[in-house]
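Asks: model this:
(chains A, B and C)
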Amino acid sequence: MTTPASLPVGTKIRYGGDYNPEQWPREVWDADSRAFDLARIETLTLGVFDWAQLQPAEDRYDFTQLDAVVDHVEASGRQYVLATSTGALPPWLARRHPEVNRTDFEGRRHRYGQRHNACPSSPVFQRLSAALAGRIAARYAGRRGLVAWHVGNEYGGACYCDLCAAAFRARLRERYGTLDRLNAAWNATFWSHTFTDWEEVEVPNALTEHWRGPDHTAFQGITLDYLRFTSDAMRQNFRDEKAAIREHDATTPVTTNFMGMYRPLDYHRWADDLDFASWDNYPPGMREHARMALTHDLMRGLKQGAPFWVMEQTPSTTASRDVNPLKRPGVLRLWSWQSVAHGADAVLYFQMRQSRGACEKYHGAVLDHAGRTDTRTFTEVAALGAELEQLGDAVLGARTPARVALLFDWDSWWASEITDGLNRHVKYPQVVMAYHRALWQAGADLDVVAVTADLSRYDVVVAPLLHLVKGDVAERLAAVAARGGTVLTSCLSGRVDEDDNAFLTDVPGPLAPLVGLRVEETDSQPPGVVNRVRLDGLDGVVSEAGLVFELPVTEGAEVLGTYTDDFYAGRPAVTRHRHGDGEAWYVATLLDDAGTAAVVRAVLARHDLLGPYADVEDLECAVRVRDGQRTAFLLNHRTDAVEVPAHANGTDLLTGRRITAGERLRFEATDVVVLREDAADT
Amino acid sequence: MTTPASLPVGTKIRYGGDYNPEQWPREVWDADSRAFDLARIETLTLGVFDWAQLQPAEDRYDFTQLDAVVDHVEASGRQYVLATSTGALPPWLARRHPEVNRTDFEGRRHRYGQRHNACPSSPVFQRLSAALAGRIAARYAGRRGLVAWHVGNEYGGACYCDLCAAAFRARLRERYGTLDRLNAAWNATFWSHTFTDWEEVEVPNALTEHWRGPDHTAFQGITLDYLRFTSDAMRQNFRDEKAAIREHDATTPVTTNFMGMYRPLDYHRWADDLDFASWDNYPPGMREHARMALTHDLMRGLKQGAPFWVMEQTPSTTASRDVNPLKRPGVLRLWSWQSVAHGADAVLYFQMRQSRGACEKYHGAVLDHAGRTDTRTFTEVAALGAELEQLGDAVLGARTPARVALLFDWDSWWASEITDGLNRHVKYPQVVMAYHRALWQAGADLDVVAVTADLSRYDVVVAPLLHLVKGDVAERLAAVAARGGTVLTSCLSGRVDEDDNAFLTDVPGPLAPLVGLRVEETDSQPPGVVNRVRLDGLDGVVSEAGLVFELPVTEGAEVLGTYTDDFYAGRPAVTRHRHGDGEAWYVATLLDDAGTAAVVRAVLARHDLLGPYADVEDLECAVRVRDGQRTAFLLNHRTDAVEVPAHANGTDLLTGRRITAGERLRFEATDVVVLREDAADT
Amino acid sequence: MTTPASLPVGTKIRYGGDYNPEQWPREVWDADSRAFDLARIETLTLGVFDWAQLQPAEDRYDFTQLDAVVDHVEASGRQYVLATSTGALPPWLARRHPEVNRTDFEGRRHRYGQRHNACPSSPVFQRLSAALAGRIAARYAGRRGLVAWHVGNEYGGACYCDLCAAAFRARLRERYGTLDRLNAAWNATFWSHTFTDWEEVEVPNALTEHWRGPDHTAFQGITLDYLRFTSDAMRQNFRDEKAAIREHDATTPVTTNFMGMYRPLDYHRWADDLDFASWDNYPPGMREHARMALTHDLMRGLKQGAPFWVMEQTPSTTASRDVNPLKRPGVLRLWSWQSVAHGADAVLYFQMRQSRGACEKYHGAVLDHAGRTDTRTFTEVAALGAELEQLGDAVLGARTPARVALLFDWDSWWASEITDGLNRHVKYPQVVMAYHRALWQAGADLDVVAVTADLSRYDVVVAPLLHLVKGDVAERLAAVAARGGTVLTSCLSGRVDEDDNAFLTDVPGPLAPLVGLRVEETDSQPPGVVNRVRLDGLDGVVSEAGLVFELPVTEGAEVLGTYTDDFYAGRPAVTRHRHGDGEAWYVATLLDDAGTAAVVRAVLARHDLLGPYADVEDLECAVRVRDGQRTAFLLNHRTDAVEVPAHANGTDLLTGRRITAGERLRFEATDVVVLREDAADT
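Replies: Next up is the predicted model:
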């Protein structure tokens, strides 16, 4: 078994979740324990929001109850992830040190309330949160049930207080050194913004550079730097707590729970600080299997493909949405196996028992308010527990054999969504998801990686909407093509440098030589306005394009598709450019799914990367490999049954049934097969 | 004539309304008086917004003009309701004592403007408003024209200032006694909210527990307590002024004008403090006859069924809406008679003369800017005045003979609309209105009462969306069924206790034994998603249900309707449970009008409570009874004519015409018949 | 050539635009210069946002770079408009004197950011802005390249700080003299607002009289006075800077760039202070030719019909919109010629070179980031430059021969959109545009003028939605009719006086005698509700009307159209009243385009004012006349070709081609003919 050193050691996919016995009388604990046994739950997350309990006053700590909880959990033979409890401030702290409360985008200092409410720049918060983490580590390090540390919780949001302003200025000094360089980076001459003193810099919010909210700013450079500052400031909070833990515990892995495609934090900049990645999987809808595949891959990509944990998912419903539908029968199982298929070595829930009061009292839980074990939810949870137990360590530590990389870049996300002058209806994740969906449906195993990732292992690199081009990414993309690979990029790429200043060359800037064209003009149209693209180079598929229509002039590229309408009818919309032994494709507009699929499949076909079920919609096949052993997860996300020929010989690990390549496999809706493939030469 | 002691004495339905001669030169007053004579207007409301005039400085009062107005009104033979003028602050007060200005939900201290602008917790406001009320009472008590006192005006809104925070904390101390009980009530352990000092409690607003406005809170318990606090704080303002009046006038009835289904104030908690109920009837649309029937009944229910006053209605248009349509010909008459039919012993207008400037200058009035008496509006007002005069005292003090109670509960309204985790599209009044509409269309005379009301007099009790169950209401509902009555309740009932903590038993909590089932899961779906319910137990009616779909497991209840779609097809949606000599019905989803009607009519039919025109849509029949004499108001809310057989022998009090049971009565659109029914044995 | 003294002297339509070489290294300047030569660009606007550069500290000015720029521009033979650079504050100023930052409508003092960010009432801003203007004037007055001064930039917005409050009170004292008059003007008795000290007056914003934003106010009078105050306060800023310039330069014309129909500023009150009018033409959509005709005419109307400048337009796309489409081929040329057709003697761009960073980096420019001169945009710009050069001085100073006046009134705009009680969906500019579109499509040359304008020169005066009637406009309108002209006005006119108090007479107040009717009631209905109007007096056209339905009672007027539906079917909707030798028309509702056109054409026909191409949709014919010489601009705004008979003999100045009256002229989409008409007797 090849678990990386940084991932908690185990013998099976971990199963369990957030547990808050401190909200309940002791008599409930034993009932819970019996229920957990029924469901094969062996890992609990403890103490996520216990600060007020653990430190009832600045000069007083009280571990009585947490001791009892930990003892109880260990006594029942379970293990635990222990949180540092700093995800929400205690009331006394907010009152005694008002500086710890955040100031919001509107410039309003908040008073006490909610959670995730600490100013990341507050020295008091920094000191006390690290102290608490240290105290907890000192007390519980080395306990036999402890498997990992969980720092804070779902870091996010932003603060705009004077402490943050000061810290922002300090960061700018560090980054730019001189005001001249700052003014150049921000193009400050525009609108008379030349700064003559660092103290003149204000945080970009509704009282300074912004109007109509966080996406409308007069100075993209300032806002972009503040987004980076905020991400880094919270990362430093994490690092401070981790350092405090490390003073008492040198080895237990440390993580924090991320949130997938979450705009405020650049997880790629955080990744090195985590010992392993974990995240909370709350998809925004009920038909989000493709999106979840992407987010799992994004999270896995944080640690060079090492397995990650699903730290939270709901067993039934969410609570925070306007509408909170039930997971349909089988969906919990299907999605849990999907997470394993994409690299999860733990499947945990929020939460074990439904909270009695406050805003999550109707959030789904393994055990409801009445504590029943005969509900559909509990029954499904327990059945999955049994399956995971049966799987054992079969895929623990196994990796995704990806030959395709999809680039994901927070800087491009931020830059493209805070800019004026393009089309406000274009959203970075939607564009990325469109390309991902095409890759995923075609059955390509893929990695989602940062622009700084090593691209040398991939045959295909897809970089949609790479708006901001920084570092040597242009060179490394060119190298992919040069050695025979294929690069695919799209409209609105190559527009600005790391400071969000436009390249003073033809669009797409440093990518122009690679794609063999220059974009002369960019038309924007409102949602609903369609221009068709005829892909004469791709079987004549006709795609409906929208929102953005770039008008390229080819400079070496071959035209594969052209616009059919408007004054640019006949002009190139999709191109391919030979570069070295490989190719660089450019899609100058936002194609519909059919068009995107045609482009993507042509690229994949060049490298023989289409999956075995590429033509069966919503039947997913994801593979994990360990020591050469391939395990294929076949997941039917359809709402109906489907029959397909098996793609390989092997054994279904969930049933023990032998499967022969070519035999008809029938999948009912939500069905899952975990196919341990026979070695290729059998 | 049986007028309760607390209602102003009179000899006919009072007619008149708000009059502000202080805005006009004296020459206008005489012209007004002549017009009022033409329209049989005999009761005027005076001095609603005269604070600045009556007290031009903190140490100076000036009654010169109010004296003149009162003299003038009395000289013309009219009576008046006298207001305490505290509905809007004078500018000097706001400037001299900034504390009297409210701090809004966003945490912003307001400066001077608008009306209903006083902080209810401000000692200065409390002192000066009571002082003014006392001064006015001292001066005008005992005047022959005085018929009632009108305290403040349309109490409402909320304040979030430091004075309110202090008063809130004081209230919490009183309610909970200890911080332990406070923390338990608020489930404070969740998200680290354990309070260790009363001073740590902040008011719940945009700077503390809330996001996305007043309905999204991290701690429902805190917000619920603040809603109660605000309602009570304003109620105390009312009580203070009333007490000041009572020092000078022991007997004249005191009221304030309510606003029907108005969320911010729990009128049930206010009701005891009013001598009689009055309210301002501004329906949100032009086809709101069913809603108005409900709101009239709700207002009548505040005082155990005693008649109430319509203190305001517009004779033609509103001014504050985005679109302000005219009342169509006949509508003013129809709606006025509807209010009488539901228990109004006064029909008053806002306002007598159209204001010259500011935001109500286009609000409809009996007299327009030109003072014309030949307009359609004035003509309709005068014609109605003549009819009311003709009716005389015929129904004064008469009561509604209701055998059906509809429960209305502000706590359930608040709790269900501020919670996360259900479906934000479910609005408490809409659910109540759906059941009311079914009852109303079926022609059942009904009372709308608090959950604390005496239920022993009713055959049927309908309790839609009784989300929060407090006190002994569950026991009293069970008693209704036990003695042979029928109880009907619906989805989302029985979820939380008085602190908004979930019951730790099966849903619907204390109501579960009565309805004979437990709700295992609750599905939510967005607007537009439909699941049909086949009511096999109710003539096979098929109803479209939406938004919320509970999945009950029966524990004794009989299944009358089942879902037809989705994974819960075939599972119970409507049930009936024998309980003692009676029944308890449960509707597990939100049915459409047809489904709700089928359920409601089956319940009414069991007690023979269907009205005579139940099958004629929008032909209302509402009854008032005094000393055994029934008067039926037949009101055609349709936009076309309809013919029906008369349900009883009697005399139309508006025309003097004899009507024989069974004879064909033709109602043109908006027609009204006031049928004094012959004794049943004739 | 008859250029008014106040307009910059020139020999051709000026061509060029905003140029910011300070954002670029010197090597770029020469490349720019060569490109400008290619495009016949001879006039550049310099220094619009250079404050931070020109005055790097309160006690230090630095003209080094501006000197270099000016030298460079002069050396290349070009002229320039020199700005005073006060459109955006430098950072040091905002930090050193926080009072210069605005306080917004929500009552929040802003910190440094964006542009147009100075409080107009700040003594520091007033002093330093005038000082800077004076310094610049002292340095550059008399330079050979200087053609005009450009004060500030796009004045607008509003401030609500304490300095503004004090200035507002001072203005009120000046306007009203006594508090009694103030209270009367504001109808302060309503809602207890009687002011007893000037200091009690607060600025009307979200913390005082407003709710739901700037259009919802409790006191229209206060808000109206604050709108006037704001407009005047910024106008005083302009005057201060102009006065500082005039200390050093007695003759060079001074302007500032206006923004067409821009609600915050009453440009009619500003007009006298400008030596010539200029404006920035950024229509909100791509099919706005009629709207632009109106806005050009409005701007021309500011200076009694004298030619104006288009100070800015984009050569390709905007940047600030959600969606920023390209100008289609030919559109830049078409719209530029349209501006000339309506009186522009300069056609300037924003901007010459695309900015590198910040929020306008994607705004269209003559030169893109790569500096190319082979783009479509540059090519079109250069071609237009050649055409303008060819035209020479042919129409310089020429005037529009209008016999129709369309009244435009900021007071009515403000009053009608901040009032309660009508219909919030009615927007003043939309109503004005509906009448304008009908006039424009009919081909009538027209002036758009203030209600204070001399009306004696017009045959037809159209006054839509003249809500607020002030001064002697009612008398002057009556005089138009009395002498044989035609007046046309519409619903919601004649409602309030200059203080926004309702006239205490029949509606439409002082206009009632002229139109010969009184409006008894006004019905409002939501968008989508239609009542048809049958125009029996106008060929039986049937028009769909919406939103507002006045019910007039004629008092002498002839009925031309009646409602067909609802309870007011058959009542008058369009009337005509003989008055003296002329007529006054009244349209009591908002007709659709067909109905409005029928009314407007009947009026025009009476005076024989229909244009030659009235029946060819979107083929515009606009005329300029100088010394009796008519030049007709024929502009095809259609998206297809059209053929028409020429209306006159003459010469196309763009091609030199002779055209004979009656010959078929074919216009491709966007085609333009500039027809110098032969004298009428040839």
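Asks: where in chain A is pLDDT low?
Replies: For chain A, applying pLDDT under 70 flags the ranges A:1-5, A:681-682.
Asks: Pull the contacting residues for the closest residue to chain C within it.
Replies: Sorted by distance to chain C under CB to the nearest CB, the residues of chain A start with residue A:421, at 2.6 Å. C-beta coordinates here come from the backbone N, C-alpha and C atoms, glycine included. Taking CB atoms under 8 Å, 6 or more residues apart in numbering or on different chains, we find residue A:421 in contact with C:317-320, C:324, C:359-363.
Asks: Could you look up the SS state of residue A:478?
Replies: helix (DSSP: H, G, I helix; E, B strand; the rest coil).
Asks: Now it: closest residue in space that isn't a chain neighbour?
Replies: The shortest distance from residue A:478 to any residue that is not its chain neighbour, by CB to CB, 6 or more residues apart in numbering or on different chains, is 4.9 Å, and that residue is residue A:514.
Asks: Can you tell me what sits against the strand or helix carrying the one you found?
Replies: Here residue A:514 is covered by helix A:512-515, with elements defined by DSSP states H and E. The set of residues external to helix A:512-515 that reach it, using CB under 8 Å, 6+ apart, is A:474, A:477-478, A:481, A:487, A:489, A:494, A:505-506, A:508, A:518, A:555, A:557, A:575, A:577, A:579, A:584-586.
Asks: For PyMOL, write a command that selects the buried ones of these.
Replies: To isolate in PyMOL the members of the contacts of helix A:512-515 that are buried, counting by 16 or more other CB atoms under 10 Å in any protein chain shown, one can use:
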select buried, chain A and resi 474+477+478+481+487+489+494+506+508+518+557+575+577+579+584+585+586
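Asks: how about the helix ranked longest in chain A against chain B, any contact?
Replies: Of all the segments assigned as helix in chain A under DSSP state H, the longest by residue count is helix A:220-246. No - for helix A:220-246, no contact with chain B is found by CB under 8 Å from any CB of the partner chain; the gap never falls below 15.5 Å.
Asks: Next: stretch A:133-141.
Replies: No - in terms of CB under 8 Å from any CB, no part of stretch A:133-141 sits within range of chain B; the closest distance is 13.9 Å.
Asks: List the contacts of the residue of chain A most remote from its centre.
Replies: The C-alpha centroid of chain A is most remote from residue A:567, which lies 40.2 Å away (CA atoms, centre = their mean). If you count contacts by CB under 8 Å, 6+ apart, residue A:567 has them with C:328-329.
Asks: and the gap between the residue sitting nearest the centre point of chain A and chain B?
Replies: What sits nearest the mean C-alpha location of chain A, by CA atoms, centre = their mean, is residue A:260, with 2.3 Å. Using CB to the nearest CB, to the nearest Å, residue A:260 is found at 20 Å from chain B.
Asks: What about the closest residue to that residue other than its chain neighbours, how many residues nearby?
Replies: Of all residues beyond its chain neighbours, the one nearest residue A:260 is residue A:295 (3.7 Å), with distances taken as CB to CB, 6+ apart. When counting by other CB atoms under 10 Å in any protein chain shown, one arrives at 25 neighbours for residue A:295.
Asks: Which SSE is immediately downstream of the host helix or strand of residue A:295?
Replies: Secondary structure here is read from DSSP H and E; on that basis residue A:295 sits in helix A:289-301. Downstream of helix A:289-301, the next assigned helix or strand under DSSP H and E is strand A:308-312.
Asks: Confirm for me that residue A:51 is in contact with residue A:92.
Replies: No - here residue A:51 lies out of contact with residue A:92, judged by CB atoms under 8 Å, at a distance of 10.0 Å.
Asks: which one of those two has more residues nearby?
Replies: Legend: neighbour count by other CB under 10 Å for residue A:51 and residue A:92, higher for residue A:51 (25 against 21).
Asks: Now that one: phi and psi?
Replies: phi -50, psi -50 (degrees, to the nearest 10).
Asks: With residue A:371 instead?
Replies: According to degrees, to the nearest 10, residue A:371 has phi 70, psi 20.
Asks: and it, how many residues sit next to it?
Replies: Residues near residue A:371, counting by other CB under 10 Å: 17.
Asks: Please apply the same query to the one 5 residues further on.
Replies: Applying the criterion other CB under 10 Å, we find 18 residues in the vicinity of residue A:376.
Asks: ok, residue A:263 - how many residues close by?
Replies: Around residue A:263 there are 17 other residues, counting by other CB under 10 Å.
Asks: and the stretch 1-150 of chain A, which residues reach chain C?
Replies: If contacts are counted using CB under 8 Å from any CB, the residues of the stretch 1-150 of chain A sitting beside chain C are A:106-107.
Asks: The stretch 301-450 of chain A now?
Replies: Remark: the part of the stretch 301-450 of chain A in contact with chain C comprises A:419-425, using CB under 8 Å from any CB.
Asks: ok, so of those, who is nearest residue B:135?
Replies: Of all these, the one sitting nearest residue B:135 is residue A:424; the distance, using CB to CB, is 59.0 Å.
Asks: residues touching that closest one, list them.
Replies: Contacts of residue A:424 were listed using CB under 8 Å, 6+ apart, and they are A:215, C:322-323.
Asks: could you pull out the helices for the stretch 51-200 of chain A?
Replies: Across the stretch 51-200 of chain A, reading from the start of the chain, the helices by DSSP state H, counting those that start in this stretch fall at A:51-54, A:64-75, A:91-96, A:123-140, A:162-176, A:179-185.
Asks: Adding distance to residue C:137, write the ones you listed out as JSON lines.
Replies: As requested, the helices of the stretch 51-200 of chain A are exported to JSON lines (distance: least, CB to CB, whole Å):
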{"stretch": "helix A:51-54", "distance to residue C:137": "63"}
{"stretch": "helix A:64-75", "distance to residue C:137": "74"}
{"stretch": "helix A:91-96", "distance to residue C:137": "55"}
{"stretch": "helix A:123-140", "distance to residue C:137": "51"}
{"stretch": "helix A:162-176", "distance to residue C:137": "36"}
{"stretch": "helix A:179-185", "distance to residue C:137": "27"}
